[in-house]
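Student: Using only what follows, build the 3D model:
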Amino acid sequence: MCSGVVASIHQFGVLVDLDGAPESSVGHIPPPEVSWKWLSSCGEALTVGQRVTGEVLGIDAEVRGQATLSLIALQPNPWLAWIDRVGSVFTGRVTRVLSFGVFVGVDEGMDGLIHGPELSQWAGESAIQVGDEMTVQISEVDAVRRRIRLSFPDQLRCKAGAEG
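Tutor: Predicted coordinates for the structure are as follows:
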């Protein structure tokens with residue numbers, strides 16, 4: 001473990017002034033290692049001047065011995081809890097609409113994805129907007145890659161097909 005103070009926040013991650021290290025040595029926390037939750041910016045979870053403690057993932061000799069740190073390595077993986085929920089149906093809000101699919105919030109800061117091909121079977125797919133409520137089913141959970149695949153429950157898929 002290694003502790004320090006957040007020195008700066010960038011798109012490529014967070015730089016940390018490490019306790020007890022020479023002034024030229026900094027730690028780097030890559031964005032995926034900042035939080036288990038989806039963040040559009042590391043600044044959503046950390047602020048300059050904040051004290052942090054992380055696990056050392058490695059030392060980069062080419063970058064003056066820069067330590068790569070992980071904050072999430074010291075926390076339980078919340079994605080593991082979702083594995084037991086595969087097949088369950090729930091209602092969530094659309095958080096993002098992209099060309100390849102729609103993200104639906106499954107928990108605070110955690111979204112599942114309904115892929116485009118699944119949406120093409122749904123009536124009114126072009127009208128889906130951020131904030132819409134959708135009833136979805138958890139199809140697959142990949143806790144390592146932090147991904148939850150969603151689909152429409154069979155009864156909804158049948159209803160949409162009958163209407164169309």
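Student: Count the neighbours of T95 for me.
Tutor: Neighbour count of T95, defined by other CB atoms under 10 Å: 17. C-betas here are computed from N, CA, C, even on glycine.
Student: List the residues that contact it.
Tutor: Contacts for T95 (CB atoms under 8 Å, 6 or more residues apart in numbering) come out as F103, V104, G105, D111, V130.
Student: Figure out the helix or strand that the fourth one lives in.
Tutor: When secondary structure is defined by DSSP states H and E, D111 falls within strand 110-115.
Student: Please pull up the helix or strand immediately following that strand.
Tutor: Assigned by DSSP H and E, the successor of strand 110-115 is helix 116-120.
Student: What score does the nearest residue to W82 once chain neighbours are set aside have for pLDDT?
Tutor: Taking CB to CB, 6 or more residues apart in numbering, and ignoring the residues beside it in sequence, W82 has V141 as its nearest neighbour in space, at 4.6 Å. With respect to pLDDT, V141 has a value of 93.
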